[in-house]
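J.: how does the following fold in three dimensions:
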Amino acid sequence: MTSRQQPSIVISSSNGISRSNDSYMFKPISEAWDNSSSIPVQSLQAVVSRSMEENMESAPYGIETPIDEELNMETEDLFRDMVERQVDYVSPGDYNPTASYLPYRRYLVDWMSDVGEQCRLHTSTVHVSILYLDKIFRSNDIPRSQWQLLATGCISVAAKYEEAEEHCPPIPDLLQLTRLSQAGHTSLSFREGELEVLRHLGWRLRAIPPIHIIGYFLAKGTTFEDDTWQNRSLIEKIPKYVKKYADFFCNLTLQEYSFQEYLPSVLAAAILMASRVALQLQPRWRPELVRLTGYEEADITDVFTHVWSYYEEQFPGHGHRSISPRGVTSDMSHL
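T.: Prediction:
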């Protein structure tokens, strides 16, 4: 990093010419200073402009107490940490569309989701377990005879990292549920499978799926007082509908490996836009969401198009009309 060059001392004369280090030069207008402040005039104008934009922003709809006040902390710090750590598991540089397991990945994802549901794990825990699986399988040639063991190991490790201890499924129950016990596995051999997962992951277990980032967005507020819904004012249930659609799109994009070409924060922002579009909220993107997500609409348009195209492919005709989130979630179970 190069050090910043020290400014030369400028002495102004009454004729509008400045003298610097015994040489004369015209003072550039862009560097004119306000006599009453140490802030350059142009910088002062930028501050005033930003302040006006912030004052013109609409308040989040349906949020009575800001999440920062509820938790007594700056939640934006958590968001910045997630953005920094997201590349540990998903990044364009790690994207491997030729990985040998990909033709079977959809079956693995469905199977792991079913196990997670029967174990009553949070949806986000299942998403983390699948990121574990992808990281292991995309860079290692895992024999198919070990797929079920490692997939179950990913679920167990993710549960121990993400869930409260009392919610973690006991190993004997997992062995019975997944029928690994019928394949001859015991609690001891399963623990060896968990250790294999941990070694492949380098013991770095903080994975950031889009559903984690969406959770932050929703907690901060993703609908606003002056939004419109189907050209009408918002109703009380709209924030809940946005959450249902966001969860739906997170689950939908989890099934398709090609979405791992994008950073989770970018995909989360695109999913948020898709949720607003599905509900026919206007505008579909706004300055408050730029401030929240860090992305302009142009930054996520291509990713949104990918999400929406995949949605229309899986649910023909649904992309052209607003439908009940409950109906979409019901249809999702048949995928």
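
J.: for the rest of this, base every contact and every neighbour count on C-alpha atoms.
T.: Fine.

J.: since we're on Glu163, how many residues are nearby?
T.: Neighbour count of Glu163, defined by other Cα atoms under 10 Å: 16.

J.: I'd say it and Val126 touch.
T.: No: contact between Glu163 and Val126 fails when scored by Cα atoms under 8 Å: they sit 10.7 Å apart.

J.: can you give me the helices in the stretch 51-200 of the chain?
T.: Using DSSP state H, counting those that start in this stretch, the helices of the stretch 51-200 of the chain run over residues 67-71, 75-85, 102-118, 123-139, 147-162, 171-177, 187-200.

J.: just put these in a markdown table and tack on distance to Arg291.
T.: As requested, these are arranged in a markdown table below (distance: least, Cα to Cα, whole Å):
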| stretch | distance to Arg291 |
| --- | --- |
| helix 67-71 | 16 |
| helix 75-85 | 11 |
| helix 102-118 | 33 |
| helix 123-139 | 25 |
| helix 147-162 | 28 |
| helix 171-177 | 43 |
| helix 187-200 | 37 |
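
J.: to Leu272, which of those lies closest?
T.: Leu272 sits nearest to helix 75-85 of all those, at 15.6 Å, using Cα to Cα.

J.: buried sites along that closest one?
T.: Thr75, Phe79, Met82, Val83 (16 or more other Cα atoms under 10 Å).

J.: now the closest residue to the third one other than its chain neighbours: how far from Pro66?
T.: It refers to Met82. Residue nearest to Met82 in three dimensions, not counting chain neighbours: Ile208, with 6.4 Å by Cα to Cα, 6 or more residues apart in numbering. Applying Cα to Cα, to the nearest Å, the value for Ile208 to Pro66 is 23 Å.

J.: of the two, who's got more company?
T.: Using other Cα under 10 Å, the more surrounded residue of Ile208 and Pro66 is Ile208, with 25 against 13.

J.: where does the stretch 151-300 of the chain have low pLDDT?
T.: Judged by pLDDT under 70, the stretch 151-300 of the chain has no weakly predicted residues.

J.: and with 90 instead?
T.: Per-residue confidence for the stretch 151-300 of the chain (pLDDT under 90) gives these ranges: 166, 180-186, 230-231, 234.

J.: separation between the residue nearest to Met82 and Arg286?
T.: According to Cα to Cα, Ile208 and Arg286 sit 25 Å apart.

J.: also Val277?
T.: Remark: distance between Val277 and Arg286 (Cα to Cα) = 13 Å.

J.: quick one: end-to-end distance for stretch 251-269.
T.: Stretch 251-269 has an end-to-end distance of 15 Å (Cα to Cα).

J.: re earlier: just the element for the residue nearest to Met82, please.
T.: Following DSSP states H and E, there is no helix or strand that holds Ile208.

J.: list the contacts for it?
T.: Met82, Arg85, Gln86, Tyr89, Val128, Pro264 (Cα atoms under 8 Å, 6 or more residues apart in numbering).

J.: what do you get if the cut-off is 10 Å, keeping everything else the same?
T.: 81-90, 124, 127-128, 131, 263-265 (Cα atoms under 10 Å, 6 or more residues apart in numbering).

J.: the nearest residue to Tyr132 once chain neighbours are set aside - how many residues pack around it?
T.: Once flanking residues are discounted, Tyr132 sits nearest to Cys154: 6.1 Å by Cα to Cα, 6+ apart. Residues near Cys154, counting by other Cα under 10 Å, number 26.

J.: distance check, Cys154 against Asp77.
T.: To Asp77, Cys154 is 28 Å away according to Cα to Cα.

J.: with neighbour numbers in mind, choose between Val277 and Arg286.
T.: Val277 (21 against 18).

J.: please name the nearest non-neighbouring residue to the more buried one.
T.: Closest residue to Val277 in three dimensions, ignoring its sequence neighbours and counting by Cα to Cα, 6+ apart: Arg284, at 5.9 Å.

J.: kindly report the same for Ala99.
T.: For Ala99, the spatially nearest residue (Cα to Cα, 6+ apart) is Arg138, at 5.2 Å.

J.: burial of the one you found, as a residue count?
T.: Arg138, neighbours per other Cα under 10 Å, totals 18.

J.: ditto for Arg204
T.: When neighbours are counted by other Cα under 10 Å, Arg204 comes out with 12.

J.: let me see the contact set for it.
T.: Neighbouring residues of Arg204 by Cα under 10 Å, 6+ apart: Asp88, Tyr89, Tyr132, Leu198.

J.: can you select the buried ones among those for me in PyMOL?
T.: Typed into PyMOL, the line below selects the buried ones among the contacts of Arg204, using 16+ other Cα under 10 Å:
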select buried, resi 89+132+198
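
J.: which of the contacts of Arg204 lies closest to Val242?
T.: Taking Cα to Cα as the measure, Val242 lies nearest Tyr89 of the contacts of Arg204, at 26.5 Å.

J.: quick check, Val277 in contact with Trp285.
T.: Yes: judged on Cα atoms under 10 Å, Val277 makes contact with Trp285 at a distance of 9.2 Å.

J.: any chance of the buried residues of helix 75-85 in JSON lines, plus distance to Ala99 and pLDDT?
T.: Below are these laid out as JSON lines (distance: Cα to Cα, whole Å; pLDDT from 0 to 100):
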{"residue": "Thr75", "distance to Ala99": "37", "pLDDT": "84"}
{"residue": "Phe79", "distance to Ala99": "31", "pLDDT": "91"}
{"residue": "Met82", "distance to Ala99": "26", "pLDDT": "93"}
{"residue": "Val83", "distance to Ala99": "26", "pLDDT": "94"}
